[in-house]
Structure formats: structure tokens, C-alpha cells
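A.B. asks: coordinates only, sequence not included:
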């Protein structure tokens, strides 16, 4: 039997390939960043061909570093930045335009168009999602309406749509020469085109958005042997797992029971709570989403709070304001002051996501005095992540009726111990960092490995999970209340900035 499982982790800023063993240890890893393209304010694009080339490069590099070949892998899974939208020519394999990234806001006029009749929540019951620039159905509609020839090709089935997982799977399994055109339930649930109950494309949504069904991929489980990979260096390996990145992290954190939750601190932050085999409709501004489906089992659902900007705020301080040279320097800078100096930074660069859903919000720094310096702003940037997570946790507790007892964390920001302590203080519960923080890639590896019998069941996966560090709340209640109320005041100052 092959010794390992591979995971392609295609994220917002980079692509990685990670090889895991049966105990969920990393055997090898390679990573490469791709260009962030900003043609206009609010527009964010990626080059799908660059992403594809980078993926091939990191796959080859990771295998070479461990002296492995495709035959050493039992299966490969894909996890991906969700909602990022690609439309490509099925004959040439070339994208019709750059990919529209999940945080791109060019569909704001489409959101307003559809919200006029029935409001922002008119499709929530069916899709679990509010009308927002975030989701890929409206991004696809924008391409169909604005890229020459796109609608004609899509209606004939000569142009194929997908999130990045679909683009990757099609290319890995043959591309124009018989590549599979599929997406899993977790990614399909992010399009606003899928019926949550039936896990099928919804005819009414397709008619509303004028999306031709001929361009859509087949919806498949998250864990299933899909096809053999036909391209080097993975030729001959089974492609067997597929999960949107946040659902993958939920699986990687082994949150398989209703009420179990995790938060991923990445470019944005995403808090997901498993709600079992029935969707829970949110009344507090959260998303209802497909968590995963393993083979022929019933799909599992989740409540999700999506926060657009957390780690990206650290990048902004580094790249736009030049506060420091590398992201890791923000922690000592923030620690150099005793507190935030009553400064609050609301990073509504592309509006606010859960639980506010304000497309017209924009970023603000509030509470500035002559006393404030860049260390206070750096500290306010870190703290803004913890405040936003608390906003989502409170909404999740209202919707689920389940009080949070602890928070499992993962993602790049969990190495920041100042942030983790402040998060525990804001939530007033323990914050847990697992030994394995690469839970997004691990989740897709788990999905692929389960599909081919590398792992027998979810108990095998649970046995791999362990705690690296726990932060306990220490802040006095009066301080906690002051900080959070000031944050809420600052958030309201960001509303309705765009006319």
C-alpha cells in the first residue's frame, strides 16, 4: 500500500503541496506565491494559468525534497480558495479572463439589482447565503455580461465554469483531453446556485441569474475516487478529495460532531460550526453552508461566519504603510506598547462580511490622538481580528443555541501569541492551538485518504488530533467590556461610506 497522501492547497496568496503520513505528520512541503492583480479599486484578480503552473512546480518540488514519486501516494486531495471564479474554453483550456477573486467587489451593482425585489436575504432559505459580492454565481454573471463571447460559449457548453478546485481537477485529469468537470458539495454551496437540501443546481436560481446550466460542473461528494491524474508529476495517482478551504479546515480539526467549531486565521478569518445533517438557517447574519459529504453518507452542514480581512490587514501594514519588513515583526511592535491607546482599526477594505453584510462599508481608524503611534495602530490591527471573531461567535451562539466552550484555531496567524491571548480574553473561553496547524491541507488529505481506505474512518482521524498550546482568559470584565463596546462604536463609523 502507498505510504502517504498528498494535498494541493490552493490559497488566496499562494499554492502549496503537502505530503502527509498516516499520523498526519508533514513529510514534505513546497509553496509558491502568485501575483495579486488589482486593475481598479475593489477589483481583485488572479491568473489561473499562473496558479496552474505554480501548482505543478510545488508538486514536483515537494516530491523531490522527500525523494518520492506518484506511486508513493495513495491519493491526492484538493483544497481551494472558495468563490474565486474561473471561466475557460473547454477546447483550448485557456481562461476567458483572469479569475475574479472571492474578495472582488465589482458585482456590487448586481447585488443591488437583485436586492431591489425581496431584499438582501431573498435567496437565503434556498441557498443559505445573502446577496453579497462574495459568492461566485454573481461573479460568473458579471463575466457573462462583460467578457466578449463568454455567454455564447457558456450556453453551448464550450466554456466551463468553476471555482479553483474545478479548474485544478479538470487540468489534472486531462484538460481538453477528457478532464473531469466536477465540483464538490462544499464548493457548490458557495456559488448561490445550489439548493441546500438537494445538493443540486437549482433551476430557479439559474433562471434568476441567467446562468446556462451547460457551463456548470457536476456536483460530487467531498470524498470519493473521482478520476486518475494524467499529468506529471502525479500521473497515475487517484484524485479522491475536494473541499473548500474552510470546510477542509473543519475536517482537518476533526470537528465531526454538532457544536464543534474552529476558526481559521488567514487572509480573512472563517469560523465554522458543525450543525449535523440538517441545515440551520441563520437569523444573525451567518451563512448556512455544506460542510462535507463523505462518499454516500448524508451531507453535513455548518454555520459559518466569514470575515474578509484579518491576515490581509497585517500585509497592508507591511506593504502599503511599510510599518515593518516581514509579517512576524508586527507582534514585537504591538507588544512595545502597553495597550491600544484607545485606537481601533476596522478593516472594511471590501465592505464587511458576517454578521454585518455591509458592502458599502470601508476601512476606518478611530480614536486617534497625538499620543497614538504606529505601535498602537499595529496593536489595533491585531485586536481587530479578535473583535471580528467575537462578533461572529456571538451570532453563532444565537443561531445554534450552543454556547462556545472553547475555540480550535488554525491558520498563519495562530503563531501570534499576543493575538491568541487577546482572542481568549475577548471570548472569555480557552483558545486551543493544535499540534498540526496546517489543517486546511490536512482536511483535503483526510477526504482523499478516506475515499481510498488509507484511513478507515473518522475515529482514525480523531486519534491524530492533539493540542500544542492553550490560552486561558485573563482580562478583567471591565476592560473586556470597554474594548468591545469601543470596537462596536468604531464599526458603525465604517458604515455607508460608499454612496
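C.D. replies: Alright, I've got the coordinates. Keep in mind that what you see is a predicted model, and the values were worked out from it rather than measured. Numbers count the residues shown, from 1 in each chain.
A.B. asks: show me where the stretch 201-350 of the chain has helices.
C.D. replies: Applying DSSP state H, counting those that start in this stretch to the stretch 201-350 of the chain gives helices spanning 203-209, 245-252, 311-319, 330-335.
A.B. asks: buried set for the third one?
C.D. replies: So the one you mean is helix 311-319. 311-314, 316-318 (16 or more other C-beta atoms under 10 Å). Where C-beta positions appear, they are placed from N, C-alpha and C, glycine not excepted.
A.B. asks: which one among these gets closest to residue 444?
C.D. replies: Ranked by distance to residue 444 (C-beta to C-beta), these are led by residue 311 at 20.1 Å.
A.B. asks: that closest one and residue 265 touch, don't they?
C.D. replies: Yes. With contact defined as C-beta atoms under 8 Å, residue 311 counts as touching residue 265 (6.4 Å).
A.B. asks: got any residues that touch both of these two?
C.D. replies: Jointly contacting residue 311 and residue 265 under the rule C-beta atoms under 8 Å, 6 or more residues apart in numbering are 411-413.
A.B. asks: hang on, the earlier thing: return the most buried member of the helices of the stretch 201-350 of the chain.
C.D. replies: Most buried of the helices of the stretch 201-350 of the chain by mean neighbour count (mean count of other C-beta atoms under 10 Å) is helix 245-252; its value is a mean of 31.
A.B. asks: now do that one: which elements does it pack against?
C.D. replies: Contacts defined by 3 or more C-beta pairs under 8 Å, 6 or more residues apart in numbering; DSSP states H and E place helix 245-252 against strand 73-80, strand 261-265, strand 269-276, strand 287-292, strand 300-307, helix 439-451.
A.B. asks: got the contact list for the second one?
C.D. replies: In this structure, residues lying in contact with strand 261-265 by C-beta under 8 Å, 6+ apart are 245-246, 249-250, 253, 255, 269-274, 310-311, 385, 389, 396, 404, 407-414, 419, 439-440.
A.B. asks: ok, the closest residue to residue 230 other than its chain neighbours - contacts?
C.D. replies: Once flanking residues are discounted, residue 230 sits nearest to residue 174: 4.9 Å by C-beta to C-beta, 6 or more residues apart in numbering. Going by C-beta under 8 Å, 6+ apart, residue 174 touches 180, 230-231.
A.B. asks: which SS class is residue 174?
C.D. replies: Look at residue 174: counting by DSSP: H, G, I helix; E, B strand; the rest coil, its state is coil.
A.B. asks: now the one 4 residues further on
C.D. replies: Here residue 178 is coil, with the state taken from three-state DSSP.
A.B. asks: mind listing the helices for the stretch 351-499 of the chain?
C.D. replies: Using DSSP H, counting those that start in this stretch, helices in the stretch 351-499 of the chain cover 374-400, 417-427, 439-451, 458-462, 477-493.
A.B. asks: just say which of those helices is most tucked in.
C.D. replies: Highest mean neighbour count of the helices of the stretch 351-499 of the chain: helix 439-451, a mean of 31 (counted as mean count of other C-beta under 10 Å).
A.B. asks: just the angle for it relative to strand 269-276, thanks.
C.D. replies: Put simply, helix 439-451 runs at 30 degrees to strand 269-276, going by axes from the mean of the first three to the mean of the last three C-alpha atoms, to 10 degrees.
A.B. asks: nearest to residue 354, out of the helices of the stretch 201-350 of the chain?
C.D. replies: Among these, helix 245-252 sits nearest to residue 354 (C-beta to C-beta), with 12.0 Å.
A.B. asks: quick check: angle from the closest one to strand 261-265?
C.D. replies: Going by the same axes, to 10 degrees, helix 245-252 makes 130 degrees with strand 261-265.
A.B. asks: what's the nearest residue to residue 42 if we skip its chain neighbours?
C.D. replies: Leaving aside its sequence neighbours, residue 42 is closest to residue 105 (4.0 Å, by C-beta to C-beta, 6+ apart).
A.B. asks: which residues touch the one you found?
C.D. replies: Applying C-beta under 8 Å, 6+ apart, we find residue 105 in contact with 42-43, 133, 350-351, 359.
A.B. asks: cool, and residue 498?
C.D. replies: Going by C-beta under 8 Å, 6+ apart, residue 498 touches 359-362.
A.B. asks: who is the residue nearest to residue 128 when sequence neighbours are not counted paired with across the strands?
C.D. replies: Distances taken as C-beta to C-beta, 6+ apart put residue 288 closest to residue 128, at 3.1 Å, once the chain neighbours are dropped. With DSSP bridges as the criterion, residue 288 is bridged to residue 303.
A.B. asks: contacting residues for residue 130?
C.D. replies: By C-beta under 8 Å, 6+ apart, residue 130 lies in contact with 120-121, 123-124, 285, 287, 357.
A.B. asks: could you rerun that using 7 Å?
C.D. replies: Going by C-beta atoms under 7 Å, 6 or more residues apart in numbering, residue 130 touches 120-121, 124, 357.
A.B. asks: would you turn those residues into CSV with secondary structure and neighbour count?
C.D. replies: Shown next, in CSV, are the contacts of residue 130 (DSSP: H, G, I helix; E, B strand; the rest coil; neighbours: other C-beta atoms under 10 Å):
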residue, secondary structure, neighbour count
120, coil, 15
121, coil, 16
124, helix, 19
357, coil, 20
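A.B. asks: among the buried residues of helix 311-319, which one sits closest to residue 376?
C.D. replies: residue 317 (12.2 Å).
A.B. asks: ok, now how distant is that closest one from residue 377?
C.D. replies: Distance of residue 317 to residue 377, computed by C-beta to C-beta, to the nearest Å: 7 Å.
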